[in-house]
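Colleague: the sequence isn't on hand, but the structure is:
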Ligand SMILES: [Zn+2]
């Protein structure tokens, strides 16, 4: 399955754009609109990769050097402008930075692709500043814009773009996507009903649920063990948690890191108190190292049960000072 196959057959618009970009018939400026959560940005990234891919057909192939660099954000001819962090708008300064980069000679031969995610979140001033580049693009430059709210995009911008309003996804395609990402069938069905054709909503809900589950499990296991005799029950509870292992490791690391920072800060003020704050700095550092080692072991397919047990022992021994008897 290639990146394009995720979108193939979703709608006539999706198919037409996939074909146009595959056959080098892409417009110099495209504006994708539609509800939030329908994967406009992911689709824009797929079209962008098509323009940069060096394969002769079925672009983006997903295998060539250009595809790899495009998907990891490392391609020097791929520019991306989006909301920064929690910001509510894309400011004129951000756009000026982009335009000045574009005014330089390209770093690589070939096409340059500029993705502007949420052009509707750009200030009017920034949208106006973008106009000239859309009006007279360099022959090698291609713009792909997305917007959730098309009424917040200046008509002068809309008129310079090929305008495509994308629809929500059919339910079976949302479900299929979730299953392909490792979600169980029953769960995928429930999330699909909630999402109403918007895969991004389903995926966010799934991530929230996993995070909640991981938190609950960490509280009952890694954060609950205090003595060696607590370990067998915790180990049992963690047995089937390989899917949430990464989140669990993140949570342990976060807590240890927080306690470590609190312990360093408390030299200056006594008011800091946190979970695990009784532990010594060297114990917390050892635990952080153990989490680091656990990630490596997991990557080399060591059994999760063995990794979890090792961490439980480290926590009881280092954090709660239990001695081996
Ligand atoms: Zn490729």
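Modeller: In hand now; what should we look at? Only a predicted model underlies this, so the values are computations on that prediction, with no experimental measurement involved.
Colleague: what does the pLDDT read for the residue in the stretch 101-250 of the chain that the ion sits nearest to?
Modeller: The minimum distance from the stretch 101-250 of the chain to the ion, using C-beta to the ion, falls at residue 110 (12.5 Å). For the C-beta atoms, the positions are set from N, CA and C on the backbone; glycine is no exception. Looking at residue 110, its pLDDT stands at 90.
Colleague: check contacts around it.
Modeller: 52, 77, 140 (C-beta atoms under 8 Å, 6 or more residues apart in numbering).
Colleague: 10 Å - rerun?
Modeller: Residue 110 makes contact with 51, 52, 54, 66, 77, 140 under the criterion C-beta atoms under 10 Å, 6 or more residues apart in numbering.
Colleague: for the ion, see how far away the first one is.
Modeller: In this case it means residue 51. In this view, residue 51 and the ion are 10 Å apart by C-beta to the ion, to the nearest Å.
Colleague: quick check: that residue vs residue 147, distance?
Modeller: Here residue 51 is placed at a distance of 20 Å from residue 147 (C-beta to C-beta, to the nearest Å).
Colleague: burial of residue 63, as a residue count?
Modeller: By the criterion of other C-beta atoms under 10 Å, residue 63 has 12 neighbours.
Colleague: equivalent analysis for residue 100, please.
Modeller: Neighbours of residue 100 (other C-beta under 10 Å): 9.
Colleague: what does the one 3 residues further on give?
Modeller: Residue 103: 9 surrounding residues under other C-beta under 10 Å.
Colleague: I'd say it and residue 132 touch.
Modeller: No - counting by C-beta atoms under 10 Å, residue 103 stays clear of residue 132, with 11.1 Å between them.
Colleague: for residue 75, see how far away the residue of the stretch 101-250 of the chain closest to the ion is.
Modeller: 10 Å.
Colleague: any residues in contact with both of the two?
Modeller: Counting by C-beta under 10 Å, 6+ apart, the common neighbours of residue 110 and residue 75 are 52, 66.
Colleague: how about the contacts made by residue 51?
Modeller: Residues counted as contacts of residue 51 (C-beta under 10 Å, 6+ apart) are 21-22, 24, 26, 59-60, 66, 70, 77-78, 110-113, 140, 142, 144.
Colleague: cool, and residue 249?
Modeller: Shown in contact with residue 249 (C-beta under 10 Å, 6+ apart): 214, 218, 222, 290, 291, 292, 294, 295, 298, 307, 308, 311.
Colleague: which among those residues end up buried?
Modeller: 214, 218, 222, 290, 291, 294, 298, 307, 308, 311 (16 or more other C-beta atoms under 10 Å).
Colleague: per-domain residue ranges of this protein.
Modeller: Here the domain parsing of the chain from automatic domain parsing is 3-167, 174-212, 221-319.
Colleague: span of the second one from start to end?
Modeller: End-to-end distance for domain 174-212, by C-alpha to C-alpha, to the nearest Å: 22 Å.
Colleague: that domain: which residues count as buried?
Modeller: Buried, per 16+ other C-beta under 10 Å, within domain 174-212: 174-178, 183, 188-192, 195, 197-203, 206.
Colleague: next one: stretch 67-75
Modeller: Quick answer for stretch 67-75 (16+ other C-beta under 10 Å): 67, 69, 70, 71, 75.
Colleague: which one of these is nearest to the ion?
Modeller: Nearest to the ion among those, with distances taken as C-beta to the ion, is residue 67, at 3.3 Å.
Colleague: how about the nearest residue to residue 11, chain neighbours excluded?
Modeller: Spatial nearest neighbour of residue 11, excluding adjacent residues (C-beta to C-beta, 6 or more residues apart in numbering): residue 167 at 5.2 Å.
Colleague: state the distance from the one you found to residue 304.
Modeller: Going from residue 167 to residue 304 by C-beta to C-beta gives 41 Å.
Colleague: more neighbours: which of those two?
Modeller: Legend: neighbour count by other C-beta under 10 Å for residue 167 and residue 304, higher for residue 304 (20 against 14).
Colleague: the helices in this protein, which residues?
Modeller: For the chain, the helices defined by DSSP state H occupy 12-22, 40-52, 65-71, 92-103, 124-135, 155-158, 171-180, 185-195, 199-220, 231-238, 245-265, 281-299, 304-314.
Colleague: helices or strands next to the shortest one in the packing?
Modeller: Helices and strands touching helix 155-158, by 3 or more C-beta pairs under 10 Å, 6 or more residues apart in numbering; DSSP states H and E, are strand 29-33, helix 124-135, strand 141-147.
Colleague: flag whichever of the ones you listed has the least confidence on average.
Modeller: Out of the helices and strands packed on helix 155-158, helix 124-135 stands lowest, with a mean of 93 (criterion: mean pLDDT).
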